[in-house]
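S.K.: A structural model of the following input is requested.
(one chain, ligands or ions: 2)
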Amino acid sequence: MPVGKRIYLKRNLPDPKVIEGFKHIPASNTADCMERNCAMHPRVKLMSKPDSEMVGPAFTIHTRAGDNLAIYAALRYCHPGDVLVIDDEGDNTRSLIGEVMMSYLRDQKKIAGIVIDGPIRDIDNLQNWKLPIYARSTTPGGPYKDGPGEVNIPISCGNVSVNPGDVILGDADGVICIPRKDAAGVLPKAQAFHKKDEEKQIAFSKGDVDLRWVDKSLKDKGFDIIDDIYRP
Ligand SMILES: O=C([O-])CC(=O)C(=O)O
Ligand SMILES: [Mg+2]
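M.R.: Ligands and ions are numbered 1, 2, ... in the order given. Model (predicted):
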């Protein structure tokens, strides 16, 4: 088994009901239930125009910088509903995928979305797609197709560790990763948090809120509240 060229076809997968449960919860609310400690770096940003959140189990890919042979392997072996998550070793010079490969993934493989910590191309078209596409940047420079690379092994994407089968949740704010073994426990907390957050927004909008704790906190932390102008 050549380390660096392994294509694993099987993953441990989360309960589909748990995946479905995250569908209408903002990534921010879910992240807040994980100590705000699971969000990908904002360099991994939304490039298309989905009309709903992206959620699905991670199908992970580690490519050699600027090479997409391992992504072609994913084209063969990924499943409907997967979120492809791709680590490009930090390369920013070659696009890894464009409208041709994306058309296959959307129309034949019916993936839930794709998250690439690297550049893509053919953005003129892709920017209008409903398929959730997250990427770092764009360049017309194309990829090589030689490998090495691996599929369904642990990777790092947007500075976050992602294991095959982790729950990937993305919306207009960006992408978070919920480890598979934690997902069932996080879901009820995220649902309750989301409900509370909606109530909080209505209360704040109406001014129905007690902000005296801010003054106390400023005082406790040694802030000065100065009734004067700043003089340079
Ligand atoms: O040439 C490639 O491998 C990537 C590409 O532009 C496409 O998928 O449209
Ligand atoms: Mg192309």
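S.K.: now do the SS call for residue 195.
M.R.: helix (DSSP: H, G, I helix; E, B strand; the rest coil).
S.K.: that one: what's it in contact with?
M.R.: Listed by Cβ atoms under 8 Å, 6 or more residues apart in numbering, the contact set of residue 195 is empty. C-beta: built from backbone N, CA, C; applies to glycine.
S.K.: from ligand 2, how far off is it?
M.R.: Distance of residue 195 to ligand 2, given as Cβ to the ion, to the nearest Å: 43 Å.
S.K.: which stretches of this structure form strands?
M.R.: Ranges of strands in the chain, per DSSP state E, are 45-46, 54-63, 83-87, 113-117, 119-120, 133-135, 137-138, 149-151, 155-157, 160-162, 167-171, 174-178.
S.K.: average pLDDT across the longest one?
M.R.: Which is strand 54-63. Strand 54-63 carries an average pLDDT of 98.
S.K.: just checking: what are the partner strands of it?
M.R.: strand 83-87 (parallel), strand 149-151 (antiparallel), strand 167-171 (antiparallel) (DSSP bridges).
S.K.: how distant is the last one from the center of its chain?
M.R.: When C-alpha coordinates are averaged (Cα atoms, centre = their mean, to the nearest Å), strand 167-171 and its chain have centres 5 Å apart.
S.K.: quick one: average pLDDT of that strand?
M.R.: 98.
S.K.: where do the helices sit along this protein?
M.R.: Using DSSP state H, the helices found in the chain span residues 16-21, 27-32, 69-77, 99-104, 123-126, 180-206, 212-220.
S.K.: follow-up on the earlier one: can I get the strands of the chain in TSV including mean neighbour count and distance to ligand 1?
M.R.: Shown next, in TSV, are the strands of the chain (neighbours: other Cβ atoms under 10 Å; distance: least, Cβ to the nearest ligand atom, whole Å):
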stretch	mean neighbour count	distance to ligand 1
strand 45-46	18	19
strand 54-63	26	11
strand 83-87	27	13
strand 113-117	28	12
strand 119-120	24	8
strand 133-135	26	12
strand 137-138	16	11
strand 149-151	25	13
strand 155-157	22	19
strand 160-162	19	22
strand 167-171	27	21
strand 174-178	26	21
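S.K.: tabulate the strands paired with strand 54-63 (CSV), appending distance to residue 209.
M.R.: Below are the strands paired with strand 54-63 laid out as CSV (distance: least, Cβ to Cβ, whole Å):
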stretch, distance to residue 209
strand 83-87, 37
strand 149-151, 49
strand 167-171, 25
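S.K.: find the nearest non-adjacent residue to the residue of the chain found nearest ligand 1, please.
M.R.: Nearest residue of the chain to ligand 1: residue 98, at 2.7 Å (Cβ to the nearest ligand atom). Excluding its sequence neighbours, the residue lying closest to residue 98 (Cβ to Cβ, 6 or more residues apart in numbering) is residue 122, at 3.7 Å.
S.K.: tell me the contacts of that neighbour?
M.R.: 98, 99, 100, 102.
S.K.: these two touch, right, the residue of the chain closest to ligand 1 and residue 133?
M.R.: No: between residue 98 and residue 133 there is no contact under Cβ atoms under 8 Å: 10.7 Å.
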